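> turn this into a structure:
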Amino acid sequence: MNIGEIARRAGVSRSTVSYALSGKRAVSDLTRRRILRVIEEAGYRPNASARALAEGRTRTIALVIPPAGSQLTPIQLGFVASVVTAAGRHELDVLLSPSGGEHDRSFERIVTGRRVDGVILMEVRLHDARAARLRESAMPFVAIGHTADAEISSWVDLDYEGLVANCVHHLADLGHRTIALVNRPEEFLNLGYGPARRALDGFTAAAAARGLAATAVCCADEAMAGETCMQDLLTARPDLTGLVTVNEAALPGVERALRRLGRAVPSRFSVTGVVGRHWAEEFHPPLTAADVPVAEMADRAVDLLAEHISAPAEAARHVLLSPPISLRATTAPAG
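Presented below is the predicted three-dimensional model:
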């Protein structure tokens, strides 16, 4: 069975069958039903396009990733893998698409081409044109992170503000009075990247509440930058005794700098933060941290999107995750 045979049995042209399957041109409901009846009567196992035609769905979702950095971080890669796994449980395929800059045409094809039933939007900014475009198009979508206007779309996010504040309070409870934050790259802050902005807000507010001397710096997402950043921090503030970070990619460099400068962890320096579990466990000694629940975030996002695809009129839903700090071995009372 192929397009030619379907056309012959349905009494239409090959191009009509092609248009009906691809959706590139309008085909009357009567003709569409006749084509579907031919497929059904022939016992033909329809391909993805025919199935989409029958169900009114593509059974495909898009995972949209902006080029926030030069490469995906381990957490981002883990999230992609977890979304694919979660989508499989819903019998959904995943189309991976970049957005931003030169990739905007790819994102626009996702929105206008109706090649997918819905979108999961990663790395959301406080003011995100992609989220606005998806709302305008009425495309079902779920954001990972939330915009400044948090009520108007469904999202799954990590409470970076609260979690970083918890890390500050943990250090303060241990007697640390001079601490620093190693944040994500400066351009992320300038672009309004939610986790970086909220991490800084949580750090600043908690440090002020506890009367701590606090320094916040931005750092590129790489080990070498982490080493330089840690060295510069201790040169400028030799009285530092504690560090909070949300930059997991910088951690190996932070570790090297502390070891080279004779700041033994945790006896002479405490480190904590919000990072992926893999990075926390690879730190030496293992890092006391709030572990980013990558798989749970992916599961909740796919579940929410599947619900919105099935019931587009349902109200937006919000999931804010706040995992506890896992006490490992990098924090101790200030000496």
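> low-scoring stretches of the protein, by residue?
The model of the chain has pLDDT under 70 over residues 1, 22-24, 43-56, 66-71, 100-103.
> can you pull up the most central residue in it?
Nearest to the geometric centre of the chain sits Met122, at 3.9 Å (C-alpha atoms, centre = their mean).
> who touches that residue in this structure?
Taking C-beta atoms under 8 Å, 6 or more residues apart in numbering, we find Met122 in contact with 63-66, 76, 79, 144-145. Glycine gets a C-beta too; all of them are placed from N, C-alpha and C.
> mind listing which of these are in helices?
If you go by DSSP state H, the contacts of Met122 have 76, 79 in helices.
> circling back: tell me the spacing between the residue nearest to the centre of the chain and Gln76.
Applying C-beta to C-beta, to the nearest Å, the value for Met122 to Gln76 is 7 Å.
> what touches both of the two?
Listed as contacting both Met122 and Gln76 by C-beta under 8 Å, 6+ apart are Ile65.
> for Leu181, name its beta-bridge partners.
In this entry, Leu181 is beta-bridged to Ala216, Val244, by DSSP bridges.
> what's the burial count for it?
26 (other C-beta atoms under 10 Å).
> then Gly88?
Gly88 has 12 neighbours, counted by other C-beta under 10 Å.
> give me the element it is part of.
Using DSSP states H and E, Gly88 falls within helix 74-89.
> got the buried residues for that helix?
By neighbour count on 16 or more other C-beta atoms under 10 Å, the buried set for helix 74-89 is 75-76, 78-80, 82-84, 86-87.
> and the residue nearest to the centre of the chain, how far from Val265?
When Met122 is compared with Val265 (using C-beta to C-beta), they lie 32 Å apart.
> show me the helices in the stretch 51-200 of the chain, by range?
Taking DSSP state H, counting those that start in this stretch, the helices of the stretch 51-200 of the chain run over residues 74-89, 104-113, 129-137, 160-173, 186-190, 194-209.
> for Gly253, find the nearest of those.
Nearest to Gly253, of all these, is helix 74-89, at 14.8 Å by C-beta to C-beta.
> so what secondary structure elements neighbour that closest one?
When contacts are defined as 3 or more C-beta pairs under 8 Å, 6 or more residues apart in numbering; DSSP states H and E, helix 74-89 packs onto strand 60-65, strand 93-98, helix 277-282, helix 294-310.
> other residues contacting the longest one?
Around helix 294-310, the neighbours that count as contacts under C-beta under 8 Å, 6+ apart are 57, 61, 75, 78-79, 82-83, 85-87, 89-90, 92, 117-120, 140-142, 144, 154, 156, 158, 276, 314, 317, 319, 321.
> tilt between that helix and strand 60-65?
Interaxial angle, helix 294-310 versus strand 60-65 (axes from the mean of the first three to the mean of the last three C-alpha atoms, to 10 degrees): 130 degrees.
> can I get helix 294-310 in CSV, CA atoms only?
Taking Å, rounded to 0.1, in the frame of the first residue of the first chain, the C-alpha atoms of helix 294-310 are listed here in CSV:
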residue,chain,number,x,y,z
VAL,A,294,16.3,16.6,36.7
ALA,A,295,14.2,13.4,36.1
GLU,A,296,11.3,14.7,38.2
MET,A,297,11.2,18.0,36.4
ALA,A,298,11.1,16.3,33.1
ASP,A,299,8.4,13.9,34.2
ARG,A,300,6.2,16.7,35.5
ALA,A,301,6.7,18.8,32.4
VAL,A,302,5.7,16.0,30.0
ASP,A,303,2.7,15.0,32.2
LEU,A,304,1.6,18.7,32.2
LEU,A,305,2.0,19.0,28.5
ALA,A,306,0.1,15.8,27.8
GLU,A,307,-2.8,17.1,29.9
HIS,A,308,-2.8,20.4,28.0
ILE,A,309,-2.8,18.6,24.7
SER,A,310,-5.8,16.5,25.7
